[in-house]
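Chemist: Sequence isn't available, so here's the structure alone:
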């Protein structure tokens with residue numbers, strides 16, 4: 001009986017020594033598993049945010065490109081109308097000079113009618129240009145606003161990236 005008791009004491013002592021040497025290793029493994037769990041939780045929380053921010057960024061880039069294209073097309077149209085207006089005004093000057101030299105009353109009347117028509121057309125083009133200039137201002141302001149939003153989204157992505165790079 002004493003022998004059995006002594007044998008049991010030796011087994012428990014050996015087991016206790018074995019447990020105490022495993023304890024730091026086990027604690028280190030538990031700490032690493034805990035850190036991995038935290039990293040996975042963090043990743044699962046950040047991944048959707050990144051995806052949403054990237055999609056918003058793509059949409060905003062498309063919006064900036066659309067607005068810039070509209071503004072460019074409008075400016076091109078304005079340039080075309082201005083050059084057309086200049087040609088019309090030159091033609092008006094030419095008609096006025098021709099009308100002043102015309103001796104035939106029928107030709108004079110015909111030139112006056114053409115002059116009136118061209119003046120009316122010129123006035124319409126000038127009104128159209130004024131409207132286009134107003135629209136140009138609106139589009140320029142909208143483009144600036146859209147670019148500002150794009151910058152904000154880029155800043156937000158940079159912020160997320162900085163958070164991800166932190167240890």
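Modeler: Perfect, I can see it now. These figures come from a predicted structure and were not determined experimentally.
Chemist: Just give me how far the host helix or strand of residue 34 sits from the chain centre.
Modeler: Using DSSP states H and E, residue 34 maps to helix 2-101. In terms of C-alpha atoms, centre = their mean, to the nearest Å, the centre of helix 2-101 is found 13 Å from the chain centre.
Chemist: by contact count, what packs against the next helix or strand after that helix?
Modeler: Downstream of helix 2-101, the first helix or strand assigned by DSSP H and E is helix 105-165. Here helix 105-165 touches helix 2-101, going by 3 or more C-beta pairs under 8 Å, 6 or more residues apart in numbering; DSSP states H and E. All C-beta atoms are positioned from the backbone trio N, CA, C, and that covers glycine.
Chemist: Let me know the average pLDDT across stretch 110-121.
Modeler: Per-residue pLDDT over stretch 110-121 has a mean of 89.
Chemist: Over to stretch 40-58?
Modeler: Across stretch 40-58, the average pLDDT comes to 85.
Chemist: Find the nearest non-adjacent residue to residue 95, please.
Modeler: residue 115 (4.9 Å; C-beta to C-beta, 6 or more residues apart in numbering).
Chemist: Now do the contacts for that neighbour.
Modeler: By C-beta atoms under 8 Å, 6 or more residues apart in numbering, the contact set of residue 115 is 92, 95-96, 99.
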